[in-house]
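Q: A structural model of the following input is requested.
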Amino acid sequence: MTSTLPADLPERIALAEEVHARPPEPITAPSRASFVALLVDDEARARELRHLSQLCEQHGQTAPLPGAVHWSGRVGELRLKWERHGEFSSYTFFLSGRVAAGFTATAAQRLPAGWLSQLPGQTVVAAHAELLHAEEEVPTAEVQQQFFSGQPMVGAEIAGGAGQAFSDFRIHPDGFSRFVLVGRAFTPTMGGRMLQRLFEIEAYRMMALLALPVARRLSPRLMKIECALARLTDDIARDPDLGGRDELLLQDLTRLAAEVESGLAASQFRFGACRAYAELVRTRIAELRETRILGLQTLDEFMSRRFTPAVATCATVSQRLHDLSERVAQASHLLSTRVDIAREKQNHALLASMDRRAHLQLRLQQTVEGLSVAAIVYYMAGVVGYLAKGGKALGLALNVDLVVGVAVPLLMLATMTAVRRARHAAEEREAIPAEH
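A: So this is what the prediction gives:
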């Protein structure tokens, strides 16, 4: 079909399809699902794709293409959905029907032996889910005892009362956490969407909390830096002249600045990711549209009491780092200003001393010039005297003393004029380069 539009932006199709990426898998009750999220570094991406391709080939499925970021299809009894996110990859396995209660027969158990354990990466989240159907509200005590071994759980009605969701957010002995989803009026698409949101809440919660160990490691270090900075600032405030310790203080401030910047460089990606993941958790919880079940905490309440403080801790440490960076920069600027002022005073005193020396040198030069004029006149007068004596010896009627006496003022005037012109010429030669 001939297009009537101008040429497409190169990214137009990819950007338009972005809102349709990673759609939920339709799922009908009763069903089971297992979810695994792994941290996979760039070097292991190719191995991850090969491992998944081998499973696809074993079951006659077309393997994902190189560079693919998601794939879904059937592998034996299971439906598999694989997604590659920014930092982690997720695998969701769906199995229709329910043959046992209490997570004793999970979807992940239908995978080939050893396939799951050989996945490249480190496990961040592993969860099992049961999707049930019930016309009436399921007693919470029954759900708690049957699926969570009587442990405290959280839950709520979701999707405007179309179903219920329960979890204890604990890792059980098999290494998996557990979710129970009860649908009263779920369509397959709605059931898949609710289940995906529950898995995403757990995945994004754990990814956000990866920043918490970083924050805990940094806190004692930040305390030491803050105390050291307070001492340095106090020294600067108490000692106006710095007692010649300006270079030492600058070195200490430079060391503190390097420590702070090192902490920023090592942690800001993790703290920024924490903020982004925490916002996704809040968004996914809001999309559940929870309604309270009597006697249970909602997922939103549980996260507000347990998850939100941890995120706030990370945000506080991140802000402390930024504040410390600014404070160290301000202290360095203050100290540099103090050092510059001290140097300006030294330079002013040096210039004043040089000015005094120049004046003294000028007076000395003027004195020397006077003595030089007297010496020159003396020698010139002697020459005139010899000339007069020579003329008298030749028979000229000359009074030698009178001739010398008359010549002395004239010689002095001529010598002073010559010296002054020589000085002016030298000053002019020095002034011309300065102008250039």
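Q: which secondary structure elements does the helix or strand of the chain with the lowest mean pLDDT contact?
A: Of the helices and strands making up the chain, the lowest-confidence element is helix 400-435, at a mean of 73, by mean pLDDT, DSSP states H and E. Under the contact definition 3 or more CB pairs under 8 Å, 6 or more residues apart in numbering; DSSP states H and E, helix 400-435 sits against helix 308-393. From N, CA and C alone the C-beta is placed, and that goes for glycine too.
Q: Let me know the angle separating the least confident helix or strand of the chain from helix 308-393.
A: Computed by axes from the mean of the first three to the mean of the last three CA atoms, to 10 degrees, the angle separating helix 400-435 from helix 308-393 equals 160 degrees.
Q: Name the residues of helix 400-435 that are buried.
A: The neighbour-count criterion (16 or more other CB atoms under 10 Å) identifies V400, V403, V404, A407, L411, M412, T415 as the buried residues of helix 400-435.
Q: now the fourth one: how far from V69?
A: The reference is to A407. Noted for A407: a distance of 111 Å to V69, by CB to CB, to the nearest Å.
Q: Likewise for the fifth one?
A: L411 sits 105 Å away from V69, going by CB to CB.
Q: wait, what's in contact with the closest residue to G160 other than its chain neighbours?
A: When the adjacent residues along the chain are set aside, G160 lies closest to R289, with 5.5 Å between them (CB to CB, 6 or more residues apart in numbering). Residues near R289 by CB atoms under 8 Å, 6 or more residues apart in numbering: I158, A159, G160.
Q: what do you get for V281?
A: For V281, counting by CB under 8 Å, 6+ apart, the contacting residues are I201, Y204, R205, A208, M303, F307.
Q: Quick check: of the buried residues of helix 400-435, which lies closest to L131?
A: When the buried residues of helix 400-435 are compared for distance to L131, the smallest value, 119.8 Å, is given by T415; criterion: CB to CB.
Q: just checking, that closest one touches V377?
A: Yes. With contact taken as CB atoms under 8 Å, T415 and V377 are classed as touching, separated by 5.7 Å.
Q: Tabulate the contacts of V281 in JSON lines, adding columns for neighbour count and pLDDT.
A: What follows is those, written out as JSON lines (neighbours: other CB atoms under 10 Å; pLDDT from 0 to 100):
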{"residue": "I201", "neighbour count": "25", "pLDDT": "96"}
{"residue": "Y204", "neighbour count": "23", "pLDDT": "96"}
{"residue": "R205", "neighbour count": "23", "pLDDT": "96"}
{"residue": "A208", "neighbour count": "23", "pLDDT": "96"}
{"residue": "M303", "neighbour count": "21", "pLDDT": "93"}
{"residue": "F307", "neighbour count": "20", "pLDDT": "93"}
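Q: among these, which are in helices?
A: With DSSP state H as the criterion, helices contain I201, Y204, R205, A208 from among the contacts of V281.
Q: Out of those residues, name the two that are farthest from one another.
A: The two members of these with the most space between them (CB to CB) are I201 and A208, at 10.6 Å.
Q: Any figure for the gap between D252 and R74?
A: The span separating D252 from R74 equals 65 Å under the rule CB to CB.
Q: more crowded one of those two?
A: Remark: of D252 and R74, D252 carries more neighbours, 18 against 13, as counted by other CB atoms under 10 Å.
Q: How many neighbouring residues does N399 have?
A: Using other CB under 10 Å: N399 sits among 11 other residues.
Q: nearest to C227, of the contacts of V281?
A: Of all these, A208 has the smallest distance to C227: 30.0 Å, by CB to CB.
Q: E77 is in contact with G97, isn't it?
A: No. Counting by CB under 8 Å, no contact exists between E77 and G97, whose distance comes to 9.2 Å.
Q: Which residue, other than its chain neighbours, is closest to P30?
A: Nearest residue to P30 in three dimensions, chain neighbours excluded: R98, at 3.8 Å (CB to CB, 6+ apart).
Q: isn't there a helix covering F103?
A: No. Checked against DSSP: H, G, I helix; E, B strand; the rest coil, F103 lies outside a helix; its state is coil.
Q: bridging residues for the residue nearest to it when sequence neighbours are not counted?
A: Beyond its immediate neighbours in the sequence, the residue positioned closest to F103 (CB to CB, 6+ apart) is H128, lying 5.1 Å away. Going by DSSP bridges, H128 is paired in beta bridges with S34, R178.
Q: now H128: how far from L198?
A: Between H128 and L198 the distance is 11 Å, computed by CB to CB.
Q: Can you check which residues contact both of the two?
A: Here H128 and L198 share the contacting residues F179, scored by CB under 8 Å, 6+ apart.
Q: Which one of these two is surrounded by more residues?
A: L198 (25 against 22).
Q: Now do the contacts for the residue nearest to that one when sequence neighbours are not counted.
A: Once flanking residues are discounted, L198 sits nearest to F179: 5.0 Å by CB to CB, 6+ apart. Taking CB under 8 Å, 6+ apart as the definition of contact, the neighbours of F179 are A127, H128, A129, E130, A165, F166, S167, L195, L198, F199, E202.
Q: And for the first one, the neighbour number?
A: Here the count is done by other CB under 10 Å, and A127 has 24 residues near it.
Q: one step back: between the ones in helices among the contacts of V281, which sits nearest V40?
A: Each of the ones in helices among the contacts of V281 was checked against V40 using CB to CB; the closest is Y204, at 16.5 Å.
Q: need the contact list for the closest one.
A: Residues near Y204 by CB under 8 Å, 6+ apart: Y277, A278, L280, V281, R284.
Q: One more: E287?
A: The contact partners of E287, taken as CB under 8 Å, 6+ apart, are R197.
Q: how close does it get to M190?
A: E287 sits at a distance of 12 Å from M190 (criterion: CB to CB).
Q: Could you find the residue nearest the spatial middle of the protein?
A: For the chain, Q268 is the residue whose C-alpha lies nearest the centre (CA atoms, centre = their mean; 4.3 Å).
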